[in-house]
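Undergrad: fold the following and give me the result.
(one chain, ligands or ions: 1)
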Amino acid sequence: MKKMGFGIVGAGMISGLHADALRKSAKAELVAVCDVNVDNARKLVEKFAPKAPVYASFDELLANPQVEVVDIVTPNHLHTDFVLKAAAAGRHVLCEKPPAMSLEETDRMIEACRHAGVKFGVFVQCRIRAPMRHIKAALDAGRFGKVLRVDAIMKWFRPQDYYRMDAWRSNRRCGAGVTIQHAFHYIDLLQYLMGPASSVTAEMRNLAHPEIVLEDTLDARITFANGVRGFVQASTALWPGADVRIEVYGTEGCAVMEGTAFKTWKFKQEIPGDEAIRLCGNAAQATASGDHAALPSEDHQYVMDDCVDAINAGREVCIPCTDVRASLELALAMYLSDRKRAEVSLPIQEKGIWE
Ligand SMILES: NC(=O)c1ccc[n+]([C@@H]2O[C@H](COP(=O)([O-])OP(=O)(O)OC[C@H]3O[C@@H](n4cnc5c(N)ncnc54)[C@H](O)[C@@H]3O)[C@@H](O)[C@H]2O)c1
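TA: I've put the predicted structure just below:
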């Protein structure tokens, strides 16, 4: 079967993981790369797809009929324009997280893709991890009983050099800061498992990066509409960094995912298969806790392969932007809460950016 053509826009740090996923895929392939920094684009194709053309302009990439899906891997504040242009050109879209800097932009992108009849998925790929899929299925089946707590603990480290690599990494207006840039995945997971959220109280601080005017540490307490409480503790200040923990405690069971594996998978009523589930994932897999480059490509590949299947079957993608909007709203509510020094109710009225 002919592979579906993907065009990457943005050939920076994380693009190698996207290109690696496409190289390994049996369903999708990298057919073009666009970057204003043409050297970055050249390096990417040399390593992963030597025959793919390189473009400095997005319009040229869109003029290439081989590009069926646009894969947006630019800095956070630049996603919206590319999504809108791709949709207008009738291309399906997969976009890195966070989808945009505001709900207003997100709604415009969703509407443009709906209007054009194209798929619009977002890489919040932690949802795809095997332990997370089991947690979600067990929650949906009621196996945890009454859920008591759902927490995300991200004690990561990024050195000062990380924030100096590119100007956007230390500019809040470009989507920098531990909340929107790093913890977004885990805010998304809590929202995915327990949402919608009804209120949040958040406090942001800069503990260890005096050279940037940004939060490197977030403490947030979420109340979900179902009454469940959840905490997000997230930081890039804590050397040497530890794997993220997602913890679900219920009256009948407990699950703790650490990195990409289970630390705990325990139910008062065990069922056949629990032992196998307990062993799923890979405890040795690096998950970027201390090194921004240490990420596996399997989850991205899953999202890309699923996108091809969704296009062929005429169904929704596994992580549609319509679903991720609530996670962005929760993250934006955290910024509002920190600024107002007060609890913020959701849905929020502010549809613009948080500053
Ligand atoms: N899903 C994940 O786990 C994960 C991990 C890291 C980064 N990300 C996301 O991936 C995206 C990219 O992050 P990164 O670390 O690779 O950033 P980066 O700064 O290293 O790379 C961005 C690239 O985009 C290019 N670019 C900038 N403006 C452009 C334009 N107008 N047209 C074309 N190219 C342009 C830059 O030249 C650069 O090569 C961000 O949205 C980030 O949040 C996601």
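
Undergrad: how close does residue 195 get to residue 302?
TA: 22 Å (C-beta to C-beta, to the nearest Å). Quick note: C-beta positions are derived from backbone N, CA and C, even for glycine.

Undergrad: which of the two has more neighbours?
TA: Just comparing residue 195 and residue 302: by other C-beta atoms under 10 Å the higher neighbour count belongs to residue 195, 21 against 18.

Undergrad: not counting sequence-adjacent ones, nearest residue to that one?
TA: residue 326 (5.5 Å; C-beta to C-beta, 6 or more residues apart in numbering).

Undergrad: phi, psi for that neighbour please.
TA: phi -60, psi -30 (degrees, to the nearest 10).

Undergrad: next: residue 27.
TA: According to degrees, to the nearest 10, residue 27 has phi -120, psi -20.

Undergrad: would you mind measuring from it to residue 64?
TA: 19 Å.

Undergrad: closest point of the protein to the ligand, which residue?
TA: residue 12 (1.8 Å; C-beta to the nearest ligand atom).

Undergrad: burial measure for that residue, as a count.
TA: 17.

Undergrad: confirm it sits in a helix?
TA: No - counting by DSSP: H, G, I helix; E, B strand; the rest coil, residue 12 falls outside a helix, being coil.

Undergrad: surely it and residue 40 touch.
TA: Yes - using C-beta atoms under 8 Å, residue 12 is in contact with residue 40, at 6.1 Å.

Undergrad: which strand or helix spans residue 189?
TA: Using DSSP states H and E, the element containing residue 189 is helix 184-194.

Undergrad: what packs against that helix?
TA: helix 130-140, strand 147-155, strand 217-224, strand 229-235, strand 245-250, helix 321-340 (3 or more C-beta pairs under 8 Å, 6 or more residues apart in numbering; DSSP states H and E).

Undergrad: tell me how far the first one lies from the chain's centre.
TA: Going by C-alpha atoms, centre = their mean, to the nearest Å, the spacing between the C-alpha centre of helix 130-140 and its chain's C-alpha centre is 18 Å.

Undergrad: is any residue of it near the ligand?
TA: No - Helix 130-140 does not reach the ligand (C-beta under 6 Å from any ligand atom); its nearest approach is 13.8 Å.

Undergrad: name the surrounding residues that touch that helix.
TA: Residues outside helix 130-140 that contact it (C-beta atoms under 8 Å, 6 or more residues apart in numbering) are 126-127, 144, 147, 189, 192-193, 246, 248, 253, 255, 257, 260-262, 265, 267, 277, 280-281.

Undergrad: which residues of the stretch 151-300 of the chain lie near the ligand?
TA: 166, 181, 295.

Undergrad: just confirm the second one contacts residue 171, I think it does.
TA: In other words, residue 181. No - look at residue 181 against residue 171 with C-beta under 8 Å: they stay out of range, at 10.8 Å.

Undergrad: more crowded one of the two?
TA: More crowded of residue 181 and residue 171, by other C-beta under 10 Å: residue 181, with 22 against 18.

Undergrad: so the more buried one lies in a helix, does it not?
TA: Yes - assigned with three-state DSSP, residue 181 falls within a helix.

Undergrad: spatially nearest residue to it (excluding sequence neighbours)?
TA: Residue 181 sits nearest to residue 175 (C-beta to C-beta, 6+ apart), 6.2 Å away.

Undergrad: wait, doesn't that neighbour sit right on residue 182?
TA: No - under the criterion of C-beta under 8 Å, residue 175 is not in contact with residue 182, lying 11.0 Å apart.

Undergrad: point out where this structure drops to low pLDDT.
TA: Applying pLDDT under 70 to the chain flags the ranges 293, 352-355.

Undergrad: hmm, try it at 80
TA: Low-confidence segments of the chain (pLDDT under 80): 284-287, 291-295, 351-355.

Undergrad: mind giving me the domain ranges of it?
TA: Following automatic domain parsing, one finds the domains of the chain at 4-126+297-319, 129-289+327-345.

Undergrad: mind checking those for the one nearest to residue 351?
TA: Using C-beta to C-beta as the measure, domain 4-126+297-319 is the one of the domains of the chain that comes nearest residue 351, at 4.2 Å.
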